[in-house]
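1. kindly generate the corresponding structure for this input.
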Amino acid sequence: MKKNTWFTALLTLIVLLTGISTSFADDSVFREMFRDAFYGGAAGTLVGAAIMAFTKKSANHLDYMGYGAAAGVLAGASYGLAQSLVTIHKGKVKISLPTIIPELVETTSSKPSVICWRATLLKGTFD
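-> Numbers count the residues shown, from 1 in each chain. This next block holds a predicted model:
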C-alpha cells in the first residue's frame, strides 16, 4: 500500500510539473511571482526528501520536506519579486522601488488625526 501511495504522489508531481500551458496574453507580475514560488516550493520539497533519504530512520524526519518546501517558497517568491523590480533597458540596470506616500487619516473620536505611510508594492493588470 505504501508503494502505491508513493507511486501515485510521484506520478501526480510529474504530471503537474511537466504540463504544457499556452498563454496568449502577457503574464502579470503576480502570476510570475506565484509561479516562481510554486516551483521553488516543489524544488525545496525534493531537496528536503533527498536529504531525508540519507538519514537513519527516514520516517522520523518527514519534517525535512516541509522545511525544504517552506525555504523553497520563500526563495522563489524573493526571486520573483526581485525579477519584477529589476529591469535592464539599453544596457543599464534599473531598479524600481515602491513610492512611499504619506496619508492623513482623520478619526471621528476625540483622538488626534494620524499620518499613515502607504507604499504600492505590487502593481499589475488582471485580464
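2. tell me how far Pro81 lies from Asp63.
-> For residue 81 the amino acid is Leu, not Pro. Per C-beta to C-beta, to the nearest Å, Leu81 is found 27 Å from Asp63. Glycine gets a C-beta too; all of them are placed from N, C-alpha and C.
3. so which of these two has more stuff around it?
-> Leu81 (17 against 10; other C-beta atoms under 10 Å).
4. surely the more buried one is in contact with Met33?
-> Yes: Leu81 is within contact range of Met33, at 5.9 Å (criterion: C-beta atoms under 8 Å).
5. neighbours around Met33, how many?
-> 22.
6. show me what the helix or strand containing it is packed against.
-> Assigned by DSSP states H and E, Met33 belongs to helix 29-53. If contacts are counted by 3 or more C-beta pairs under 8 Å, 6 or more residues apart in numbering; DSSP states H and E, helix 29-53 sits against helix 63-85.
7. can you list the weak-confidence ranges in this structure?
-> For the chain, the stretches with pLDDT under 70 are 1-3, 11, 13, 15-27, 121-127.
8. quick one: the helix holding Met33 to helix 63-85, angle?
-> 150 degrees (axes from the mean of the first three to the mean of the last three C-alpha atoms, to 10 degrees).
9. show me how far helix 29-53 is from its chain's centre.
-> 8 Å (C-alpha atoms, centre = their mean, to the nearest Å).
10. my read is Cys116 is in a strand, agree?
-> Yes: assigned with DSSP: H, G, I helix; E, B strand; the rest coil, Cys116 falls within a strand.
11. so what's Phe34 up against?
-> Applying C-beta atoms under 8 Å, 6 or more residues apart in numbering, we find Phe34 in contact with Gly80.
12. any idea how far Thr87 is from it?
-> 20 Å.
13. likewise for Asn60?
-> 47 Å.
14. and what of Arg35?
-> Distance from Arg35 to Thr87, by C-beta to C-beta: 18 Å.
15. got it, and Gly44?
-> Counting by C-beta to C-beta, the gap from Gly44 to Thr87 is 27 Å.
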